[in-house]
Each structure stands twice: as C-alpha cells, then as structure tokens.
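Trainee: my questions concern the predicted model and sequence given below.
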Amino acid sequence: MNINKYPEIKPGVKYIKKIYIAVMLFIVGRAMQAASRIDKTIKKEFEDLPDGFTFSLGILPNGPYMIVGKNEKGKVKYMGWNPAGKKLDLKMGIKNMEVAFLVFSFQESTTVAFAHDRFIVDGDLTNALAIVRVLDLVEVYLLPKIITKLAVKRYPKWSELSPVRKHINRILIYVRTFTV
Amino acid sequence: MQTPEYFEFLNQAKIISGKKALEHIPIELDGFNSRKPLVVTSKAVSGAKLDRVLAKAFYDSNTIIGGIFDEVPEHSSFSLAKELSILFKGRGCDSIIAFGGGSVADVAKGVNIMVSEKNEDLLSFIGEGKVKTRLKPFVYIPVSYSDGTEMTNVACIDHRIIKSDFLYPDIIAMDPRATKGCCRECVVSTAMTALTHAIEASSVAHYNPVSDTYAHSAIQFIYENLAKGVKSLGNARAGLALANAAVMAGITFANAPAGLIHTIADALSSITGHNRGTMMGVLLPFGLEYKISKKLEIRGELLLALAGLDEYVKTPEKEMAVRSLGLIKNLIKSLKGALPEKLSDMKIPEYHLNEAAKIAFNASGKKYKEQVCLDVLQHAYEGKSFI
C-alpha cells in the first residue's frame, strides 16, 4: 500500500471564532470584576467564595482563557488570559471551540451546556455553580433581554431586579468594564 | 416490576449524541491518551464530504489525523484489513475511527485486532473469545445506514465471524450532520434491522431489565421517527433519532441471543444477496403473527414502547400482543411502498425458501425447527396471515 496517498491532517485553527471568543471572555471577565462592585447578588456570591480564590474559564485544550480571582482584601479582579504560572482553585473548560461558540453566541445557554456535559470542571462543584450563576447575571447586564433570554436559565423577574436598577447597573458596569 | 433472578449486560461505549458531537471526539480520545487516530471510511461518506466535516471537527485540538482511508468497499476483507494495518503502523497511529456502515466498522475492528495483538494473522482470531488483549481506542461514527452490528462485539470479515467483548467501540459519536438520511431504502433497512433486533431482544424468555431499557427506547424512537425520516430525508432530528435507535438496538442485540426473524432473514439474505434489513422488515409482522398464533409470549411492554402509557393501560393484557402487531403493520404501511409487503415482491425464487429454512435451523444451533422457519418464510412469501 502506498501510504502517501492518505496524508496526515494536522488540525487547523478557526481564527475568527477564536478571536470572537477571546474578545467575549475579555469583556465577560472585566464585567465580572465591575459587577462584583455594583450588583449586590454578585457581590454576595463572591463573598461566599474563600479569599484568594482564583478560577479560569476557557476553551480546551489550547485556550483562549479568562482568569478571575479574589485578592486577600476580597476584591474581585480580572487577571488576564494566560493561566500559566497562576494557582487556580477552579478550572472550568469548555470541551471544544465549536461548543464554546454555541455558548458565547447564545445558541446554547450556559446551564444547558452544563447539562449537556459540555464543560469539564476541575475543582469544587459548588463554587463552579456559583460562577455559573454569576455568569448568568453578568449576561443579564451586558446583553439586551431578547438575547439574554436565550443564554440564561431564567431571566430575573421585576421583583428580583427592577428595570430601573438593571439599566443603571448596566451603564455603571459598561463604564467600569471599559475604563477602570 | 419483577426482579430478575440473573442477568448480564455489557455496553462498553460512551455514547455522544447531538449537535457538534464530532467536535467532542478529540477530547474524548485525549482521555485515552490518544493523539493520532486513523480514519477508516467509505466513498459514500467522502462523496458526501463528511470526511472534511470530520477533519474540521479536529481543528483547535492537539489531535492529528493519521490519515483518512476512504476506499472500504461494501464487503470487508482480510486483505484490506492487512493493508490498513500497514497504513496504521506506517503513520504511527494510536487509535481508530470508523466512519460509516457495517463493512467500515468490520474492517476497522479487524485492523484494531491486528495492531493491538501485534499479530498479522487475522484468521487465527476467528471464533469467539480469541482476542485476549484490550484493543486500541476505537471510535465509531454512525451514518444513516447500518447493518446493526457496528456497535456490537462482532466483526464479520469475508463472511467469517470474530466475536470478543473487546470489539465493542469505546466511543460512539452521533452527529446530525452524519446521520441525515441518504436514501429511503437505507433508512428503512436500518430502522427495520434495529426494530427487529430490539423486539427480539426484549422478547427473550429471561427478563433483562437493562436490555429492555435499551430495546424499548429504540422501539419508541423508531415508531415516532421512521415515517418522518423516510418522508423527508433531510430531517436531521429524525435521522439522529433513528441512528440512536440503531445504536441502542445493536447494543441490546449484542447482549441477547439471535431471534427467529433475524436468523431467517440472515439465512435468506446470504442465499439471495438481498439486503438483510429489508428482509427483516418483510418478515417481522409474519414472525410476530406466528408467535401470537402459537401462543408464544410477546411481552405487553412492547405495546408500552410503541403506543405509550395511555394506550398501554387501556388495553387488556390478552390483547396487547395483537395490538402491538397492528401498530407495527400500520408503521410499515405508513412507509408507502418503501418496504415490500411480501417476499414474492422481491422476486425471490420460491425454491430458495427450503434452503434458507435449513440454513436458519443450523445457524440457530437447532433452536428454531426447520419447519417453523419454513412456515414463516412461506407465509411471508405469499403474504398470508397466520391469524
């Protein structure tokens, strides 16, 4: 058999999707930092996590990633995209780029993706679920309702988050995400 | 629910089914510490450009495809398995992906035995339990046509059977892009094979709760999706449901003895060369009628799988088997000619029936009497009811 007739195929890179997801992760990471100072629910979720807690969310096996952590003073900080050399308490990985694109283009909500076993979680599952709840709320602030409804498990009712509060917080989170 | 006195069931495969299932293969292979699979497939798959879809599914991973061999013919052979083992070793591969129907999976299993056992004499593995080593990771990707054995512990190469529990796939990835129907005949044949295997596996005398779960889910999927899948070949949801049914029925079939209809269809198909799945579809109602006429047990749960809970609780226990048979006949009618009604419509010479009955009698280990097989065949030939 002439084996050269059947060449090896090295995996390519889906650059456009990779860049889109990297940008989304950057915005979500920065927005988590901003929202933890503005929204009470998010603040409370982070307060329940231990001080010094750091987590990564990324696409397996080669990234991109986002790293978010709490410092000793309890302040939440976006810590960049490179997990190398960082002590991570929780690693959340989406199994591949296509699935990550489904999640970040809101075709599949984070909770549904979790239920479909699209994530690999290395760390405490209760902390991972707290992060998923935070991600849902961050999406509520970042995106218009029509899109967010596709991306979250349940959109907050008026009694839980009044539209006035939501819009004020949204403006503050956007300003802090891109400035501070 | 009755508690079984004793049962065994083995399914080695991790089943991944649904949107973007192909993209999950690299990370699953990574779990087996495998980074270089050889892809074995056929011209039907590469003709539909599905090999490119698979190659793209490996983007952004660390997995290199060792090569895509797309020249597996309809019948597998030892010589082809030997050639592929050269390609496997030459490329330094460490796992195998079979993408296609029966012959593709059979050849891939043969290659896997040769490279894992480090023995090029595949003939020495013919029979049961001759494979003694855990094989290299084996991924099976179903398409819309299946002979019902791809996901089992059997490889049929050059009409010789190699059977070993090591032959079960490790991963079965069903993606709607791959399982869309290619032609009406393929869809019907695959579904009828699965339906027959599932019904026969759930009708064995010894109650096996795990096997029943697989079988009943397969029956339900086929009953709800076959007509849709045949009417609209591009229906991705129906295609995926039928592929799931084929996989579940195949696994349950591997855990149960071969039934009467499977045995007869296999025998007649080997003589006439007709598609075995189509044969099973024609023979299925007659085989069930025979069982009802002889008061052999057909479990009431078959009706539960076919018609759902409401119908099941409404039907008296004695009528359940006849009602189930009626539903299966309606299902076949709804295919509107995609399946012949009787064997004579397939232009099979009548003199083949005696020979087929004899082969079926011997193949079943004399479990099914020759006269019984012949009775079923003759009724199916003439389209004459037993009841």
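Mentor: Perfect, I can see it now.

Trainee: average pLDDT for the top helix by length along chain A, rounded please.
Mentor: Longest helix in chain A, counting residues (DSSP state H): helix A:15-38. Helix A:15-38 comes out with an average pLDDT of 92.

Trainee: ok, and for that helix, which residues are buried?
Mentor: For helix A:15-38, burial by neighbour count (16 or more other Cβ atoms under 10 Å in any protein chain shown) applies to A:17-18, A:20-22, A:24-36, A:38. Any C-beta I mention is one placed from the backbone N, CA and C, and that applies to glycine too.

Trainee: now do the helices in chain A.
Mentor: A:15-38, A:40-47, A:97-104, A:110-115, A:125-142, A:145-151, A:163-178.

Trainee: adding distance to A:Ile3, write these out as a markdown table.
Mentor: Below are these laid out as a markdown table (distance: least, Cβ to Cβ, whole Å):
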| stretch | distance to A:Ile3 |
| --- | --- |
| helix A:15-38 | 31 |
| helix A:40-47 | 56 |
| helix A:97-104 | 30 |
| helix A:110-115 | 40 |
| helix A:125-142 | 45 |
| helix A:145-151 | 47 |
| helix A:163-178 | 53 |
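
Trainee: winner for burial among the ones you listed?
Mentor: Highest mean neighbour count among the helices of chain A (mean count of other Cβ atoms under 10 Å in any protein chain shown): helix A:97-104, with a mean of 23.

Trainee: quick check: angle from it to helix A:15-38?
Mentor: Inter-element angle recorded for helix A:97-104 and helix A:15-38: 40 degrees (by axes from the mean of the first three to the mean of the last three Cα atoms, to 10 degrees).

Trainee: who does helix A:97-104 touch, helix- and strand-wise?
Mentor: Secondary-structure packing of helix A:97-104 (3 or more Cβ pairs under 8 Å, 6 or more residues apart in numbering or on different chains; DSSP states H and E): helix A:15-38, helix A:110-115.

Trainee: any chance of the ones you listed in TSV, plus distance to chain B?
Mentor: Shown next, in TSV, are the helices and strands packed on helix A:97-104 (distance: least, Cβ to the nearest Cβ, whole Å):
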stretch	distance to chain B
helix A:15-38	7
helix A:110-115	11
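
Trainee: out of those, flag the one nearest B:Phe69.
Mentor: B:Phe69 lies closest to helix A:15-38 among the helices and strands packed on helix A:97-104, at 29.2 Å (Cβ to Cβ).

Trainee: ok, and what's touching that closest one?
Mentor: Here helix A:15-38 makes contact (Cβ atoms under 8 Å, 6 or more residues apart in numbering or on different chains) with A:42-43, A:46, A:57-59, A:63-68, A:75-78, A:81, A:97-98, A:100-101, A:104-105, A:134-135, A:137-139, A:141-142, A:169, A:172-173, A:176-178, A:180, B:60.

Trainee: now stretch B:261-272
Mentor: Identification of contacts with stretch B:261-272 by Cβ under 8 Å, 6+ apart yields B:159, B:196-197, B:200, B:253, B:258, B:274-276, B:279-280, B:283-284, B:287, B:343, B:346, B:348, B:352-353, B:355-357, B:359-360, B:363-364, B:368, B:373, B:376-377.

Trainee: ok, stretch A:134-146 next?
Mentor: So stretch A:134-146 is in contact with A:27-28, A:31-32, A:35, A:39, A:41-42, A:45-46, A:57, A:106, A:110-111, A:148, A:151-153, A:155-156, A:161, A:166, A:169-170, A:173-174, going by Cβ under 8 Å, 6+ apart.

Trainee: if you set the cut-off to 6 Å instead, what comes out?
Mentor: With contacts defined as Cβ atoms under 6 Å, 6 or more residues apart in numbering or on different chains, stretch A:134-146 is touched by A:Ala31, A:Met32, A:Ala35, A:Ile42, A:Glu45, A:Thr110, A:Thr148, A:Ala151, A:Val152, A:Asn169, A:Arg170, A:Ile173.

Trainee: which of those sits closest to B:Leu122?
Mentor: A:Thr110 (48.3 Å).

Trainee: run through the residues that contact the closest one.
Mentor: By Cβ under 6 Å, 6+ apart, the residues touching A:Thr110 are A:Val132, A:Leu135.

Trainee: and the pLDDT at it?
Mentor: 83.

Trainee: so where's chain A shaky on pLDDT?
Mentor: Applying pLDDT under 70 to chain A picks out residues A:180.

Trainee: near chain B, which residues of it?
Mentor: A:1, A:3, A:6, A:8-14, A:61, A:95-99 (Cβ under 6 Å from any Cβ of the partner chain).

Trainee: what is the burial count for the closest residue to chain A within the stretch 101-250 of chain B?
Mentor: Of all residues in the stretch 101-250 of chain B, B:Asp175 sits closest to chain A, at 10.9 Å by Cβ to the nearest Cβ. By other Cβ atoms under 10 Å in any protein chain shown, the residues close to B:Asp175 number 27.

Trainee: tell me how far it lies from B:His24.
Mentor: According to Cβ to Cβ, to the nearest Å, B:Asp175 stands 9 Å off from B:His24.

Trainee: now the end-to-end length of stretch B:140-147.
Mentor: Terminal residues of stretch B:140-147 are spaced 14 Å apart (Cα to Cα, to the nearest Å).

Trainee: returning to what we had before: generate a ChimeraX selection restricted to the buried subset of the residues of chain A next to chain B.
Mentor: Per 16+ other Cβ under 10 Å, the buried members of those correspond to this ChimeraX selection:
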select /A:3,6,9,11,14,95,96,97,98,99
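
Trainee: all strands for chain B, in order.
Mentor: Secondary structure of chain B (DSSP state E): strands at B:14-17, B:37-41, B:67-69, B:95-99, B:127-128, B:138-141, B:154-157, B:160-163, B:171-174.

Trainee: could these be laid out in TSV, adding mean pLDDT and mean neighbour count?
Mentor: Below are the strands of chain B laid out as TSV (pLDDT from 0 to 100; neighbours: other Cβ atoms under 10 Å in any protein chain shown):
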stretch	mean pLDDT	mean neighbour count
strand B:14-17	96	17
strand B:37-41	96	28
strand B:67-69	94	24
strand B:95-99	96	27
strand B:127-128	92	12
strand B:138-141	97	27
strand B:154-157	93	24
strand B:160-163	93	17
strand B:171-174	96	25
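
Trainee: and of the ones you listed, who's closest to B:Gly234?
Mentor: strand B:171-174 (16.7 Å).

Trainee: what strands line up against that closest one, and which way round?
Mentor: strand B:14-17 (parallel), strand B:138-141 (parallel) (DSSP bridges).

Trainee: JSON lines please, covering those and showing distance to A:Ile120.
Mentor: Putting these into JSON lines (distance: least, Cβ to Cβ, whole Å) gives the following:
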{"stretch": "strand B:14-17", "distance to A:Ile120": "14"}
{"stretch": "strand B:138-141", "distance to A:Ile120": "19"}
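
Trainee: quick check: the gap between the closest residue to B:Lys329 other than its chain neighbours and B:Gly277.
Mentor: With sequence-adjacent residues excluded and distances taken as Cβ to Cβ, 6 or more residues apart in numbering or on different chains, B:Lys329 is closest to B:Pro285, at 5.5 Å. Relative to B:Gly277, B:Pro285 is positioned 15 Å away (criterion: Cβ to Cβ).
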